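[1] What follows is a predicted structure for the sequence shown.
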Amino acid sequence: MSRVCQITGKGPMSGNNVSHSNRKTRRRFLPNLHKRRIWCEELGQFLRLRISRKGLRTIDKKGVIAAIFEEGIKNGE
């Protein structure tokens with residue numbers, strides 16, 4: 001299972017660990033993903049999603065169906 005938010009499309013980023021002596025080693029920044037069951041009023045059933053915290057805020061603001069279709073169109077899905 002990939003570490004990608006199903007609403008916003010956020011995925012892992014790469015960067016550097018920087019030590020006190022300023023040595024740099026590569027690392028990954030992972031998105032803050034959570035598995036959630038969200039009730040969809042339009043479908044009358046629960047949706048099981050793996051979404052980031054920002055995705056949850058988007059759902060709270062716009063609703064489940066609107067968030068899925070709007071962000072899906074942006075991500076080209």
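    Nice, thanks for sending it over.
[2] Can you name the residues that contact residue 13?
    By C-beta atoms under 8 Å, 6 or more residues apart in numbering, residue 13 lies in contact with 28-29. Where C-beta positions appear, they are placed from N, C-alpha and C, glycine not excepted.
[3] mind running it again at 7 Å?
    residue 29 (C-beta atoms under 7 Å, 6 or more residues apart in numbering).
[4] before we move on, what about residue 24?
    16-18.
[5] So which of these sit within strands?
    Those of the contacts of residue 24 mapping onto strands are 16-18, per DSSP state E.
[6] Show me which residues of stretch 12-32 are buried.
    residue 31 (16 or more other C-beta atoms under 10 Å).
[7] now that stretch: how far from the chain's centre is it?
    20 Å (C-alpha atoms, centre = their mean, to the nearest Å).
[8] Also stretch 64-73?
    Mean C-alpha position of stretch 64-73 versus that of the full chain (C-alpha atoms, centre = their mean) differs by 13 Å.
[9] Which helix or strand contains the closest residue to residue 14 other than its chain neighbours?
    Counting by C-beta to C-beta, 6 or more residues apart in numbering, residue 28 is the residue found nearest to residue 14 once chain neighbours are left out, at 5.7 Å. Per DSSP states H and E, residue 28 falls inside strand 24-29.
[10] Mind listing the strands that strand pairs with, and their directions?
    strand 13-18 (antiparallel) (DSSP bridges).
[11] Can you lay out the contacts of residue 24 as CSV showing distance to residue 52 and pLDDT?
    Formatted as CSV, the contacts of residue 24 follow (distance: C-beta to C-beta, whole Å; pLDDT from 0 to 100):
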residue, distance to residue 52, pLDDT
16, 23, 98
17, 23, 97
18, 25, 97
